[in-house]
Every structure is written in structure tokens, then in C-alpha cells.
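Engineer: Got a predicted model here, sequence first, then my questions.
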Amino acid sequence: MGEYVAHAKDMAGRDGTPSDVPDVLAPDLRVVFVGINPGRVSAAARAHFANPRNDFWRLLHAARLTSRLYAPAEQFSLLDEGIGVTNAAYRTTPGSGDLRRADFAGSAERLERIARELGPQWLAFVGKEAYRGTFGTRPDLGLQQETLGETKLFVLPSTSPANAAVPWEERLLWFRQLAGRMSGLPLRDNVRAAIHDARARVLLLRYADAYGEWWVTPGGGREAGESDEETLRRELAEEVGLTGFELGALLWKLEHWDHDDPEYGGSSSRVYRVDVKAFEPVLVTEALQARWFELAELARVATRPPDLAERLSSASDW
């Protein structure tokens, strides 16, 4: 690995090199992130995603893809985490909208060569335009059906400040999904409750970390030998002190990928309706807060899943 680091550092900024920002590459990486092209701030710093308003480095850490928050100047230290970085187009421009089709000439072949010769497990494109410029097709976000040999392909939202229409929580959702899929770990079997009261409110729990906060339905992992109902009775008693309820209908099933738990790559959840007439929660576990919400209020807070309000609105007789 050392010879690749030394070579990339030596080539950075030399006359005749293909890019103002060096590739960060080595054999057998977990993932190589593929940006669109260098912007002027990155070119001046000779570092990827160097604009301080670019969320890339914060998203890596928030999604637990890196063990700590790195600065752009530390980009070669990413190799110790099994992470590399390159760009789909090498020419520096003020913005990605200034690129021409010719700027992507040979990029597909170059990435195919990286996949074949260096063998990364994943190529993660930071922005749909990085993928479209390379392969000439417009992708959806997430896991792609196409592969480059054994290397899987994933498309993330652009982390550029120019992509401000996509909020932090949505960007983080896709980075977390990548982290969960990259882990290769199984999904934990979860059971959760959409607790509904006589005022058509839903009870949610608040959690937070250094990058934000979010609200989720109460519940948790199903233990060996438990039925869904047994899991919910145990979890709701432990989390909010709710006992003696009747289990309602299964509202939805949902797969969620992340790498928050070192033993799992996410969760596969079944969410049931639970009706209560009057109930005031008593926090027992590590949640920061329990609170009743009217559905209209959910648009003003971050929820997991992000479309929780829409899911509840479509539930029968909510």
C-alpha cells in the first residue's frame, strides 16, 4: 500500500498530471468514492472535497464509515480505513455544470481498470452526475444492478453545497445505507409499535448524536424464541412503561441499512399498531425523550424512516 501512497503524493500537482487533486488509491480497499470532478477549492488545496461547506467528510464519520472525523488534508490516511477517493472527470471547473462530455472520456475504462487491478469491494459515486458522466446512463440513488467484475456500485447524493436542496438527513440516510451494505453483516430482526391514542397522535422516542437528532417508534430486537407480540410487550414495558395493551394490525415491513451496531448491518422491522386511550410514557431506557406527536407536526422533525408521516397517514383509520 505504501508505494501507492508515495506515488500519488509524488504525482500531485506535477506538470502534465491528469488532475490537480491526486487519486487516493491502493489495492483491496473496502470502497473507493468517486466524485464528479475537482472544484477550485479542492484544486487549490490539492485535496478531495476541500470546500468547508462540503458535507463529504462529516458524512463519512456520521455514517460510521470512518472511525473519526478526517480533514481533507488527511485524505491519504483514509487508506488505513480501507477507503480511497478518485474523480470521474479530472478537469478542475468552478462547478460541475461547467463540465463537457469530453471531460468524461475514458473514465469508464479507468474505473474498470481500478476495479480489475486494485479490487475494491465497492465504488461509491458521490452524485448521480458522477455515474451518468462515466457510464452515460442516469441512475437512481442506492445499490446498482450493474457491477464492474466483483466490484459493486452504489450511487450517493452529491455532498456539494450546490446540492443544498437535499437535506443533511437525506444525505446521511444514503451514506448509512452504504455503510450497512458494505459491512456484509445480517439485518437484525426488529419489532416496533406505532402507538396511537384517542387524539390520533403517535408516540415517538428521541435519540441524538454529534450530527443531529431523530425520532423513532418504540420497539427493538426480537430475541430467540420470541413471537412479535412477546417482543413488543417486553420492549414497550422496558422503554416507556406501557403494559396491558392489545396488539393491533401489522402496518408495514421495512428494511433499514446502517452500521450503528457492530454486529449488524441494519434492521428488518415489522411495525404494528397499538391503541391506547390515555397513556403518559415513563422513560426507562437510553432514549432522550418520549413525546406524543400529531401527524402534522412530524414534518418539522427528523424521523426514521423519513417518510413516517406518510406511512401513518396511509394507515387505515389513523
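Structural biologist: Ah, there it is. Residues are numbered from 1 along each chain as shown.
Engineer: Which residue ranges of this structure form helices?
Structural biologist: Taking DSSP state H to define them, one finds helices in the chain at 2-11, 40-45, 56-62, 107-118, 128-135, 168-183, 228-240, 308-314.
Engineer: for these, which one ends up most surrounded?
Structural biologist: Mean neighbour counts were taken over these using mean count of other C-beta atoms under 10 Å, and the top value, a mean of 23, falls to helix 128-135. Any C-beta I mention is one placed from the backbone N, CA and C, and that applies to glycine too.
Engineer: who touches stretch 272-287?
Structural biologist: 191-198, 203, 205-207, 218, 228, 232, 236-242, 245-251, 289-290, 315 (C-beta atoms under 8 Å, 6 or more residues apart in numbering).
Engineer: if we can go back for a sec, so which of the helices of the chain gets nearest Val271?
Structural biologist: When these are compared by C-beta to C-beta, helix 308-314 sits nearest Val271, at 8.0 Å.
Engineer: CA-only coordinates of that closest one, as CSV, when you get a sec.
Structural biologist: Extracted as CSV, the C-alpha positions of helix 308-314 are listed here (Å, rounded to 0.1, in the frame of the first residue of the first chain):
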residue,chain,number,x,y,z
LEU,A,308,-43.0,8.1,8.8
ALA,A,309,-45.8,10.7,8.5
GLU,A,310,-46.8,9.5,5.1
ARG,A,311,-46.8,5.9,6.2
LEU,A,312,-49.0,6.7,9.2
SER,A,313,-51.4,8.9,7.1
SER,A,314,-52.0,6.0,4.8
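Engineer: coming back round to it: need the helices of the chain in TSV with mean pLDDT and distance to Tyr90, can you?
Structural biologist: Rendered in TSV, the data for the helices of the chain read as follows (pLDDT from 0 to 100; distance: least, C-beta to C-beta, whole Å):
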stretch	mean pLDDT	distance to Tyr90
helix 2-11	44	12
helix 40-45	96	10
helix 56-62	98	18
helix 107-118	97	8
helix 128-135	96	12
helix 168-183	96	24
helix 228-240	96	52
helix 308-314	94	42
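Engineer: Including distance to Arg101, could the ones you listed go into CSV?
Structural biologist: Conversion of these to CSV gives the following (distance: least, C-beta to C-beta, whole Å):
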stretch, distance to Arg101
helix 2-11, 26
helix 40-45, 21
helix 56-62, 25
helix 107-118, 11
helix 128-135, 8
helix 168-183, 26
helix 228-240, 53
helix 308-314, 38
